[in-house]
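In: Compute the structure for the input listed below.
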Amino acid sequence: MRIVAPKHPVGARHAVLDRPILPPFPDGARLVVLGLGCFWGAERAFWQRPEVVTTAVGYAGGRSQDPTYREVCSGSTGHAEVVLVVYEGDDAVLGTLLDVFWEAHDPTQGMRQGNDVGSQYRSAIYVDTDDEVALAAASRDRYQQALDGAGFRAITTEIANGRDFYYAEDYHQQYLAKNPAGYCGLGGTGVCAR
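Out: Purely as a prediction, here's the structure:
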């Protein structure tokens, strides 16, 4: 995974965690990029986790370089709204973060989350290695079994490695901390991943 340096201004410090949101990150830190609908609520779901060093919102999984929010919302870029999660720990920690991911949204909705419709709201997991792809796929399969038991459709989550992450504009970073009454359409299925 490549973290692309932003060409637009982005604050250097996390508004909640008071840690850098731009590389370099601490030695040994690992990265996962997660798309689960509107990135405002998605970021908040992860900055609250004790394993997480820092988070940032952005765009990934598309065709264009250095997309803007307006371009991503047009659907012309193929990018999803995502959250970069920088964390410390092993594969078990990644598994815990994936449980949070599955439970925080409905991964069966395709190109939408609730009332947010479009390819930018799709469910996605972007990782660094083939081993992490396999771990994410196994996590998906376990959650699919739980969803099957509750009568849900098939998971549509895209799982891949080697994707570029582009930072969103500064006003999107930690948006719900800066705007506590801001919109959050994030909602899960009510099915436990653990």
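In: Only C-alpha atoms from now on, for both contacts and neighbour counts.
Out: Will do.
In: From Y175, how far out is the residue nearest to the spatial centre of the chain?
Out: By C-alpha atoms, centre = their mean, the chain has its centre lying nearest to L34, at 2.2 Å. With the distance defined as C-alpha to C-alpha, to the nearest Å, L34 ends up 17 Å from Y175.
In: what about D130, neighbour count?
Out: Other residues within reach of D130, judged by other C-alpha atoms under 10 Å, total 12.
In: Now do the contacts for the nearest residue to it once chain neighbours are set aside.
Out: In this structure, D130 finds its nearest non-sequential neighbour in N161, 7.0 Å apart by C-alpha to C-alpha, 6 or more residues apart in numbering. Contact analysis of N161 by C-alpha atoms under 8 Å, 6 or more residues apart in numbering lists 1, 126-130, 133.
In: Kindly reformat the residues you listed as TSV containing secondary structure, pLDDT and distance to D106.
Out: Conversion of those to TSV gives the following (DSSP: H, G, I helix; E, B strand; the rest coil; pLDDT from 0 to 100; distance: C-alpha to C-alpha, whole Å):
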residue	secondary structure	pLDDT	distance to D106
M1	coil	91	25
Y126	strand	98	17
V127	strand	98	20
D128	coil	95	24
T129	coil	97	25
D130	helix	97	25
V133	helix	98	20
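In: Kindly supply the ChimeraX command isolating those of the residues you listed that are buried.
Out: Only the buried members of these enter the following ChimeraX selection, criterion being 16 or more other C-alpha atoms under 10 Å:
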select :1,126,127,128,133
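In: any chance you could map the helices in this structure?
Out: Remark: helices assigned in the chain by DSSP state H are 39-47, 69-74, 91-104, 130-149, 175-178.
In: Just say which of those helices is most tucked in.
Out: Ranked by mean neighbour count under mean count of other C-alpha atoms under 10 Å, the helices of the chain are led by helix 39-47, which reaches a mean of 24.
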